[in-house]
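Visitor: with the sequence up front, the predicted model follows.
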Amino acid sequence: IQLTPDAWQSRTVWQVLDSAQSALPEDASDVPTTQDDPLTQARVSALGGLQAASLPGGYQGAAVAHEPGLCIKGPALITHWLQQCPDLQTLWQRRVMHLQRVAQDGSTQQWQALDADGLVIAQAQLVVVASAMSATQLAPVQLESPSGQTNNPLLTPLRGQITLGHWPRDDQTVSPATTALPALTGHGHFIANWSQPQNAQDAQDWDWSMGSSFERNDEDRTPRMASDQVNLLKLSRLAPQLANSLGPQFAATDKPSWLQPWVEVRATTADRLPMAGAVPDWSAVQATAGQDTTIGHALQGTGLRKPAKAAWTLDNLPRLPGLYMVCGLGTRGLSLAALCAELLASQIEGEPWPLDTLLAQAMDPARFELKRLRQSASA
């Protein structure tokens, strides 16, 4: 990755492994890793095994050293990715409310992105919907009921607040120790010691980052002091001495000027896997002639009919030409985005996939609705 030193650092990242279950107010998708978990044991073994660590900041116990590890600023990485596409045209602050497919030049089919007034924002033969919580509103991944409503939403909002802050300016005993602090993860994260940026206009105004909070079914992007305090509780597990030093900054009921929260909402799925792939064409399913009792019962009342002699599967399910989606990345957006993009590019270009077929199907956008149909058929 060709980024400036202030945007990324290759260094050891310590993953703290606590054998005790956390008593902190936490979302199920952020359950801390324990060394007793069989999957954790397999991962730890692949990384070289546990160490009895005594880390700067006060943590003492089992940990795994990820070396070389990577700490990277998300916005810088995204900017870098965009710069790798010199012909890319970006239209910021334009909200797409609807997608429609229309014929152009008598035969060519184009997807059009429309705004709230029905005006065309852009059009292309191929579209990838990657709009987080609104993705399923643009891409029809569910069947409509006779009333015109879809089933239960496939995406759940998960609010996350990261706390950015400064070292205590009036405590000279803290400052020298900060230079030795490694990047910590395992129950939340703590990252410090970024290089100063070369461009003065991008000068960082924080010394460290920690978090993140997890508030399910919450889309409020207003910063909350309570979320900052939850992040401090997490830090008390990663670096108890450091948490004690920073604690006084979190005593106020209102956000102090030296704490700079950053809030965003993640889109998550029920199985915590992304939805990445071609969008199903339920209209084509509806138009298919023939009846089959395998899942015919599930389609009663919907006007849909199954093809004769074959049950619908992810392999033979009709897809909308040129329409793909990537969403539901949850808390692992930066690590999953590139892999999902490679998968879609391979599917679009007819190249070998970067994933095993079963893994790719586990992320198929149609998997939830197809499973529901099968369960209804067997009921």
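Guide: It's in.
Visitor: how near is the residue lying closest to residue 331 once chain neighbours are set aside to residue 159?
Guide: Excluding its sequence neighbours, the residue lying closest to residue 331 (CB to CB, 6 or more residues apart in numbering) is residue 266, at 5.9 Å. All C-beta spots, glycine's among them, are computed from the backbone N, C-alpha and C. Separation of residue 266 from residue 159 (CB to CB, to the nearest Å): 8 Å.
Visitor: again with residue 94
Guide: Applying CB to CB, the value for residue 94 to residue 159 is 25 Å.
Visitor: higher neighbour count, these two?
Guide: The neighbour comparison of residue 94 against residue 159 (other CB atoms under 10 Å) goes to residue 159, with 22 against 10.
Visitor: would you point out the helix or strand in this structure whose mean pLDDT is lowest?
Guide: Lowest mean confidence among the helices and strands of the chain (mean pLDDT, DSSP states H and E): helix 293-296, at a mean of 47.
Visitor: could you pull up the mean pLDDT of the helix of greatest length in the chain?
Guide: In the chain, taking DSSP state H as the definition, the longest helix is helix 333-349. Confidence for helix 333-349, expressed as mean pLDDT, is 94.
Visitor: and the next helix or strand after it, what does it pack against?
Guide: Sequence-wise, the next helix or strand downstream of helix 333-349 (DSSP states H and E) is helix 357-361. Here helix 357-361 touches no other helix or strand, going by 3 or more CB pairs under 8 Å, 6 or more residues apart in numbering; DSSP states H and E.
Visitor: following the chain past helix 357-361, name the next helix or strand.
Guide: Moving toward the C-terminus from helix 357-361, the first helix or strand encountered (DSSP H and E) is helix 367-378.
Visitor: which secondary structure elements does that next one contact?
Guide: helix 293-296.
Visitor: quick one: mean pLDDT for the helix or strand just after the helix it packs on?
Guide: Next helix or strand after helix 293-296 toward the C-terminus (DSSP H and E): strand 319-327. Here strand 319-327 scores 97 as its mean pLDDT.
Visitor: strand 319-327: which residues count as buried?
Guide: Residues 319-320, 322-327 are the ones in strand 319-327 that count as buried (16 or more other CB atoms under 10 Å).
Visitor: just stretch 234-244 next, same as before
Guide: Buried, per 16+ other CB under 10 Å, within stretch 234-244: 234-239, 242-243.
Visitor: in helices, which of those appear?
Guide: 234-238, 242-243.
Visitor: how far out from the middle of the chain is the longest strand seen in the chain?
Guide: Longest strand in the chain, counting residues (DSSP state E): strand 60-72. Strand 60-72 sits 21 Å away from the centroid of its parent chain (CA atoms, centre = their mean, to the nearest Å).
Visitor: helices of this protein, start to end?
Guide: Using DSSP H, helices in the chain cover 38-47, 74-83, 135-138, 175-178, 225-238, 240-246, 282-287, 293-296, 333-349, 357-361, 367-378.
Visitor: weakest of the ones you listed by average pLDDT?
Guide: Mean pLDDT across the helices of the chain is lowest at helix 293-296; the value there is a mean of 47.
Visitor: what's opposite residue 108 in the beta bridge?
Guide: residue 104 (DSSP bridges).
Visitor: surely it touches residue 125?
Guide: Yes: counting by CB atoms under 8 Å, residue 125 is a contact partner of residue 108 at 7.1 Å.
Visitor: quick one: which of the two has more around it?
Guide: Each of residue 108 and residue 125 has its neighbours counted (other CB under 10 Å); residue 125 has more, 12 against 9.
Visitor: hang on, isn't residue 361 packed against residue 367?
Guide: Yes: using CB under 8 Å, residue 361 is in contact with residue 367, at 6.9 Å.
Visitor: okay, and the common contacts of these two?
Guide: Residues within reach of residue 361 and of residue 367 at once, by CB atoms under 8 Å, 6 or more residues apart in numbering, are residue 314.
Visitor: picking that back up, my guess is the residue nearest to residue 331 contacts residue 160. True?
Guide: Yes: contact between residue 266 and residue 160 holds when scored by CB under 8 Å: they sit 5.8 Å apart.
Visitor: find the residues that touch each one of those two.
Guide: With contacts taken as CB under 8 Å, 6+ apart, residue 266 and residue 160 have residue 331 as neighbours in common.
Visitor: measure residue 233 to residue 250 for me?
Guide: 10 Å.
Visitor: returning to what we had before: how many neighbours does the residue nearest to residue 331 have?
Guide: Neighbours around residue 266, by other CB under 10 Å: 22.
Visitor: just residue 345 next, same as before
Guide: The burial count for residue 345: 14, using other CB under 10 Å.
Visitor: I'd guessed it sits against residue 352; true?
Guide: No: at 11.2 Å, residue 345 and residue 352 do not qualify as touching, with contact defined as CB under 8 Å.
Visitor: wait, what's in contact with residue 103?
Guide: Contacts of residue 103 (CB under 8 Å, 6+ apart): 109-110.
Visitor: please renumber the chain so that the first residue is 475 from this point on.
Guide: That works, and once the first residue is 475, the last one we named lands at residue 577.
Visitor: so it versus residue 819, what's the distance?
Guide: For residue 577 relative to residue 819 (CB to CB), the value is 26 Å.
Visitor: repeat that for residue 685.
Guide: Distance from residue 685 to residue 819, by CB to CB: 32 Å.
Visitor: over to residue 793?
Guide: 16 Å.
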